[in-house]
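**Student:** pasting the sequence and the predicted model now:
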Amino acid sequence: MRIRFVPLFITLVALLAGAVASLAGAGAIGRWIWLAGAIAMGLPLVLRTIRGALEGRFATDIVASLSIAGAIALGQPLVALVIVVMQTGGEALEHYAEGRASAAVRELEAAAPRRAHLIRDGQVEEVPATSVAIGDVLLIRPGDLVPCDGVIISGESELDTSSLTGEALPLRAIAGTDVMSGMANALGSFRMRVTAPSEQSQYARIVEAVRSAQSSKAPLQRLADSYAVWFTPITVGLCAVAIAITHDWTRVLAILVVATPCPLILATPVAIIGGINRAAKRFIIIRHGGALERLSDVNVVVFDKTGTITVGKPRLHSVVAAPGFDRRSVMRSAAAVEEHSSHLLARVLVDAAKAEGVSIAPSTAHAETPGQGVLGTVDGHVVRVGSRAFVVPRCVEGSAAALAFEKSESMLRAYVSIDDRLAGVIEYADELRPELPSVLSALRRGGVERLVLLSGDHASIVHVLAERAGIPEAHGDLMPSGKVDFIERLKREGKVVMMVGDGINDAPALSSADVGVALAAHGGGITAEAADVILLVDSLDRVREAMSISRRTMRIARQSIWVGLGLSAAAMVVAAFGGLPPIAGAGIQEVIDVAVIVNALRTSMDPRAGSTPRPSARGGATTTTPPRETSHALPSALSARTTG
């Protein structure tokens, strides 16, 4: 049994044991059992309430503690024990709804670069990354993580920067290129000079940003406590009037018993547990009750770009053949040499050619220049595929012909030449998620005042994307710390911010936001650990649904609170006039509790007809997923491999 339920279990055992003893004719023993249980389990509650009050926390527990202390003082241990049952039960439910703390920092630290290959006196030795100093020269081999920030002094390669910028396309790395810790080396090896030790490098700053964001989050005021601010003084005031007029402490105890705010203690955690369970049925994991409460108040939504509002992987957009060539022959020749390349876009082209039924010709004499392109011989013809700088200068009248393909500055292109003649251009693009327009519209209707796009990609590309997506505000060229700074500014303005992202680079921003939402249909890892809400279905529509579930949950919780407090107030008036003894008041309060719980349990029910969809093999929903709309092409990070 989990520790949080132990006090409730002990209290129930004492309640039942005393009842058995009383029914067996040993009433005195039963009363002593009740008294022992009330003191043992009630005293910690009372002391904690006193400590909280001295610290300025005005919570729902005050009336309950007064009831427990009063019942024990007036020799009514059964009444005291019933109140303890209510209190411990409510706290157990509340702790269950809060969930566990995030392990994001531990996940990030576990994934940090640990080793470095230091070049010393012409020899390469493996050393801990933490021992590397500014000015040291490191060898970065294929597959290595860059352990420190630095600058390349020799060699060429391509770097996977997705953990820092979120962009899927690799970065061309040549002499003079600045590199940051956490980047992954994909192809060739290179040497770099360290400009910052590992503990001050970019990856370490991401870890520290997550740690700082999580530790600085203000604790959420419980919904129940906001009602206790006015309900508790009313109760105490009524008790003061009753004792002043009647001098009957038993009547005061009856008022306290029926005023014990069990609707406040129970309604919110029961409703939240129901809401969390309802969300889980829709493959939305809400990690704690505070996230569900806060989600209902969100008025600013911040999106990451690649993989969040876009599909996240480049796709073949078009193949434009030059005069004298046709689309199919260009694809056939280009795919033949790209089949031997490890570049991301090469795989995209080969897969697209196979999907279209284009037969890929055999090729020989391959040579690849990292970050620029690849060449080979296909059917006796020399074929080049790559950036403009790699292909066009070698073509006859290539520059003039290339201009015909460059109407859009933001489109990713791979140029293709056959025997030094420009044969065509292959254009690639990421795509907006098809559900995005309907999601943005639903968020606006739901009360979201501001939609923002943040990205590490080039600002010009981000603004083009935002315009196509219908997001009015966009900011590019942002490192993870820049996203955090932007979110913190929004919070200082009094906004309740939700951040939606999918990469390691988003982890600090997810932790900093009031509610962090991670798209984790394909794993999630560190990103999921840093988030408050995890979407197991690869669809932004679940963002809208999570907010809808949250708002319905909190609406039902407030209904339960108002109904419960209304019934308690009526019972308080009856008790004030002597119409309810304390034990009867405790019984009535239990009836009120049942009514509150039954109403709060509605949050776990689907208000709509229909069955819950199952996730497809690709992570999306099946029959209930909206039909796929026409995709919108969009630019992604400009790569030297494609643009030169």
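**Tutor:** Perfect, thanks for sending it.
**Student:** what strand or helix carries the spatially closest residue to Ile68 that is not a sequence neighbour?
**Tutor:** Closest residue in space to Ile68, ignoring its immediate chain neighbours: Gly42 at 4.3 Å, by CB to CB, 6 or more residues apart in numbering. C-betas here are computed from N, CA, C, even on glycine. Assigned by DSSP states H and E, Gly42 belongs to helix 27-54.
**Student:** what comes up buried for that helix?
**Tutor:** Residues 30-31, 33-35, 37-39, 41-42, 45-46, 49 are the ones in helix 27-54 that count as buried (16 or more other CB atoms under 10 Å).
**Student:** in CSV: those, plus pLDDT.
**Tutor:** As requested, the buried residues of helix 27-54 are exported to CSV (pLDDT from 0 to 100):
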residue, pLDDT
Gly30, 87
Arg31, 87
Ile33, 91
Trp34, 88
Leu35, 88
Gly37, 87
Ala38, 86
Ile39, 89
Met41, 86
Gly42, 84
Leu45, 82
Val46, 83
Thr49, 79
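**Student:** for stretch 563-578, which outside residues touch it?
**Tutor:** Residues outside stretch 563-578 that contact it (CB atoms under 8 Å, 6 or more residues apart in numbering): 227, 231, 235, 238, 241-242, 246, 248, 251, 254-255, 257-264, 267, 580, 585, 588-589, 592-593, 595-596, 599.
**Student:** at 6 Å instead, please
**Tutor:** Ala242, Arg251, Ala254, Ile255, Val258, Ala259, Pro263, Leu580, Gly585, Ile588, Ile592, Val596 (CB atoms under 6 Å, 6 or more residues apart in numbering).
**Student:** could you do stretch 39-47 as well?
**Tutor:** Under CB under 6 Å, 6+ apart, the answer for stretch 39-47 is Pro7, Ile10, Thr11, Ser65, Ile68, Ala69, Ala80, Val84, Gln87.
**Student:** ok, now with 7 Å
**Tutor:** Pro7, Ile10, Thr11, Asp61, Ser65, Ile68, Ala69, Ile72, Ala80, Val84, Gln87, Thr88 (CB atoms under 7 Å, 6 or more residues apart in numbering).
**Student:** nearest to Arg141 among the residues you listed?
**Tutor:** Pro7 (56.7 Å; CB to CB).
**Student:** now the residue lying closest to the closest one once chain neighbours are set aside. Its backbone dihedrals?
**Tutor:** Using CB to CB, 6+ apart and skipping residues adjacent in sequence, the residue nearest Pro7 is Thr88, 4.4 Å away. The phi/psi pair for Thr88 (degrees, to the nearest 10) reads phi -70, psi -30.
**Student:** show me the helices in the stretch 451-600 of the chain, by range?
**Tutor:** Under the criterion DSSP state H, counting those that start in this stretch, the stretch 451-600 of the chain contains helices at 459-469, 480-492, 507-512, 526-530, 541-576, 582-600.
**Student:** mean pLDDT lowest where, among those?
**Tutor:** The weakest mean pLDDT among the helices of the stretch 451-600 of the chain belongs to helix 526-530, with a mean of 62.
**Student:** one step back: can you count the residues close to the residue nearest to Pro7?
**Tutor:** 24 (other CB atoms under 10 Å).
**Student:** wait, which of the buried residues of helix 27-54 is closest to Asp538?
**Tutor:** Leu45 (45.3 Å).
**Student:** next up, phi/psi of Val320, please.
**Tutor:** Val320 adopts backbone torsions of phi -110, psi 110, taken as degrees, to the nearest 10.
**Student:** my guess is it meets Gly424, correct?
**Tutor:** Yes. Assessed by CB atoms under 7 Å, Val320 is found in contact with Gly424 at 5.6 Å.
**Student:** brilliant, that's me finished.
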